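K.L.:
What follows is a predicted protein model with its sequence.
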Amino acid sequence: MLRARDAMDRAYAEPLDVPALARIAHVSEAHFARTFRATFGETPHRYLQRRRVERAMHLLRETDRSVTDICFMVGFGSPGTFSRTFHDIVGRSPRTYRKEAQVTGVPTCFTMAWTRPSA
């Protein structure tokens, strides 16, 4: 499970599906989905979405790239899906988040921990 989660953390922008992740974990697809949820408290798909949104939050705070560019950079296939998922996880739209976010002078790892969206 840790190998699959690490792969999602590394390659969050790439298209990853349950069969590919199950192969990384060396288990069947059904076993992978059940065990991943039991181990990490969320489905593999939701974990990957949250990881992508976390990266998007960083890019929205630290860059001037457009929301659409960020959407595709972090692995979402459409701006609509990105905006809906971002709002579901963070509680506000990417544009609103960008307006309200402040660039901080602390390391990214601390910012990520403080602003990590809840599952």
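P.N.:
Perfect, I can see it now.

K.L.:
For the rest of this, base every contact and every neighbour count on C-alpha atoms.
P.N.:
Will do.

K.L.:
After the helix or strand where residue 83 lies, heading C-terminal, what element do we hit next?
P.N.:
Per DSSP states H and E, residue 83 falls inside helix 79-90. Next in sequence after helix 79-90, counting helices and strands by DSSP H and E, comes helix 94-100.

K.L.:
May I see the buried residues of stretch 3-15?
P.N.:
Using 16 or more other CA atoms under 10 Å as the burial criterion, the residues of stretch 3-15 that qualify are 4-5, 8, 12-13.

K.L.:
Now for those residues: which two are most distant?
P.N.:
4 and 13 (14.5 Å; CA to CA).

K.L.:
confidence score at residue 119?
P.N.:
Residue 119 carries a pLDDT score of 54 in this model.

K.L.:
List the ones among the buried residues of stretch 3-15 that fall in helices.
P.N.:
Taking DSSP state H, the ones among those that sit in helices are 4-5, 8.

K.L.:
so can I have CSV of those showing pLDDT and distance to residue 93?
P.N.:
As requested, those are exported to CSV (pLDDT from 0 to 100; distance: CA to CA, whole Å):
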residue, pLDDT, distance to residue 93
4, 95, 29
5, 96, 26
8, 95, 24
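
K.L.:
pLDDT below threshold where in this protein?
P.N.:
Applying pLDDT under 70 to the chain flags the ranges 103-116, 118-119.

K.L.:
In CSV, could you pull the C-alpha coordinates for the longest helix that it contains?
P.N.:
Counting residues, the longest helix found in the chain (DSSP H) is helix 44-62. The C-alpha coordinates for helix 44-62 follow below in CSV (Å, rounded to 0.1, in the frame of the first residue of the first chain):
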residue,chain,number,x,y,z
PRO,A,44,-7.4,5.7,-3.9
HIS,A,45,-9.3,8.0,-6.2
ARG,A,46,-10.1,10.5,-3.5
TYR,A,47,-6.5,10.4,-2.2
LEU,A,48,-5.2,11.2,-5.6
GLN,A,49,-7.7,14.0,-6.0
ARG,A,50,-6.7,15.5,-2.7
ARG,A,51,-3.1,15.2,-3.6
ARG,A,52,-3.7,17.0,-6.9
VAL,A,53,-5.7,19.7,-5.1
GLU,A,54,-2.9,20.2,-2.5
ARG,A,55,-0.5,20.8,-5.3
ALA,A,56,-2.9,23.1,-7.0
MET,A,57,-3.3,25.1,-3.8
HIS,A,58,0.5,25.6,-3.8
LEU,A,59,0.6,26.7,-7.4
LEU,A,60,-2.4,29.1,-6.8
ARG,A,61,-0.5,30.7,-3.9
GLU,A,62,2.9,30.8,-5.4
